[in-house]
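Student: please find the sequence and the predicted model below.
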Amino acid sequence: MTTTREHITGLLLAGGRGMRMGGIDKGLQTLHGEALAAHGLQRLAPQCGALLISANRHADIYTSLGAPFGATVVADTLPGFPGPLAGLLAGLRAAGTAYLLSAPCDTPGLPADLAVRLAQTLDAQHADIATVTTTDAHGEVSLHPVFALLRTSLADDLAAFLEAGERKVRAWYARHKTVEVAFTDERAFYNINSLQELADLERA
């Protein structure tokens, strides 16, 4: 089966603590007059049949931001902000499609062909998970694991992994057939980790 837009639910990960921003809710910080989460939703919406937002604070605000896109807000079922895998689990459980496309809320320039390219490789290699790599000007390869297309049938395995106290994204991926897709524009995956970086991007 060829995976198409209708088979994919998008998940915007906005449930972190934002510790490198002093604990503020990163997805609600503004860039060019719009919340970072809104930028992400605008990029994801054309690529997916349905949308979810993983948020553990300010659910009412995220609900309002998601309303124009028909997005539903989901929260971690595990306490204490255990990391992106908990957000992924909430998304895998809530999705009504065979696949989940995840992306963080702090990457406002994510590629318009993210879903298509990940799906093509996942289908071709009969994989469970497809994720992103980029190569910088010095030839150094970076993995961007929270940009991923995953089979929603992996939910129970992820739940067991988390219940065992595990938290590392790459360690969970290693349990499954995971493929990496190389994207040439590393700037598209630039994530904002501080208020200074946000200010610099605002001026760019």
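Tutor: Structure's in. What do you need?

Student: where along this protein do the strands fall?
Tutor: Taking DSSP state E, the strands of the chain run over residues 8-13, 30-31, 34-35, 50-54, 72-74, 99-104, 129-135, 141-151, 178-183.

Student: okay if I get those as CSV plus mean neighbour count?
Tutor: All C-beta spots, glycine's among them, are computed from the backbone N, C-alpha and C. Output for the strands of the chain, formatted as CSV (neighbours: other Cβ atoms under 10 Å):
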stretch, mean neighbour count
strand 8-13, 29
strand 30-31, 14
strand 34-35, 18
strand 50-54, 25
strand 72-74, 20
strand 99-104, 25
strand 129-135, 21
strand 141-151, 20
strand 178-183, 17
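
Student: with distance to residue 92 as new columns, can the ones you listed be given to me in a markdown table?
Tutor: Formatted as a markdown table, the strands of the chain follow (distance: least, Cβ to Cβ, whole Å):
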| stretch | distance to residue 92 |
| --- | --- |
| strand 8-13 | 8 |
| strand 30-31 | 28 |
| strand 34-35 | 25 |
| strand 50-54 | 10 |
| strand 72-74 | 10 |
| strand 99-104 | 6 |
| strand 129-135 | 11 |
| strand 141-151 | 7 |
| strand 178-183 | 15 |
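
Student: was I right to think residue 191 contacts residue 108?
Tutor: No - between residue 191 and residue 108 there is no contact under Cβ atoms under 8 Å: 9.2 Å.

Student: quick one: which of the two has more around it?
Tutor: residue 108 (22 against 18; other Cβ atoms under 10 Å).

Student: now do the contacts for the nearest residue to residue 135 once chain neighbours are set aside.
Tutor: Among residues not flanking residue 135 along the chain, residue 141 sits closest, at 5.1 Å (Cβ to Cβ, 6 or more residues apart in numbering). Residues near residue 141 by Cβ atoms under 8 Å, 6 or more residues apart in numbering: 133, 134, 135.
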